[in-house]
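Enquirer: need the 3D shape of this:
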Amino acid sequence: MSRIGKLPITVPAGVEVTIDGTTVTVKGAKGELTRTFPEIMTIKQENGEVIVERPDDSREAKAYHGLVRTLISNMVEGVSNGFSKKLQLVGVGYRAALKGKDLEMQLGFSHPVLVEAPENITFEVPSQTEIIVNGISKEQVGQVAANIRKWRKPEPYKGKGIRYEGEHVRRKVGKAGKD
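Expert: The predicted model follows:
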């Protein structure tokens, strides 16, 4: 049995979990998330906790057990606290600014790059070289941050590009000069 899947999910005060068959809806202070899971899992709520069980020992049930539990846990965490990813812009002339709800970046192209904020996602720009992506869905926050990073991945020679906070870019040595 999955060690993660066995753990019950504690529902904090102010969060409401509704289970309709395999569809789970979680409402909280920050918003509402809904997701449908495979019918191979049994999801129930007891004493303020959500429990994910697998009825059989099939390979597919074993594979989904911990995943389903983690996804529901992330939904509960998202509607109560939210998720955020911090990005750093490294490079001469690389900067970001908010334009309404959207994000405008100067990344060395001949034109500015405009990233529209999807639904349930907000951008913060505390300084010109920092971007914070906030939202209630961990999946969506990570995907939006990855899409922003994709515009200029960190390169190994000068270290320029967009990187996650705390990401280490392994540097390479350039060409050796002639003696």
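
Enquirer: now the longest helix that the chain contains: buried residues?
Expert: Ranked by number of residues, the top helix in the chain under DSSP state H is helix 59-80. By 16 or more other Cβ atoms under 10 Å, the buried positions in helix 59-80 come out as 61, 64-80. C-beta here means a position set from N, CA and C on the backbone, and glycine is covered the same way.

Enquirer: and for stretch 87-100?
Expert: For stretch 87-100, by 16+ other Cβ under 10 Å, it's 87-91, 94, 96.

Enquirer: just these now: which is nearest residue 137?
Expert: Nearest to residue 137 out of the buried residues of stretch 87-100 is residue 87 (Cβ to Cβ; 17.5 Å).

Enquirer: three-state assignment of residue 145?
Expert: Counting by DSSP: H, G, I helix; E, B strand; the rest coil, the backbone at residue 145 sits in helix.

Enquirer: against residue 118, how distant is it?
Expert: 12 Å (Cβ to Cβ, to the nearest Å).

Enquirer: of these two, who's got more company?
Expert: The residue with more neighbours, out of residue 145 and residue 118 and counting by other Cβ atoms under 10 Å, is residue 145; that gives 22 against 14.

Enquirer: thanks a lot, catch you later.
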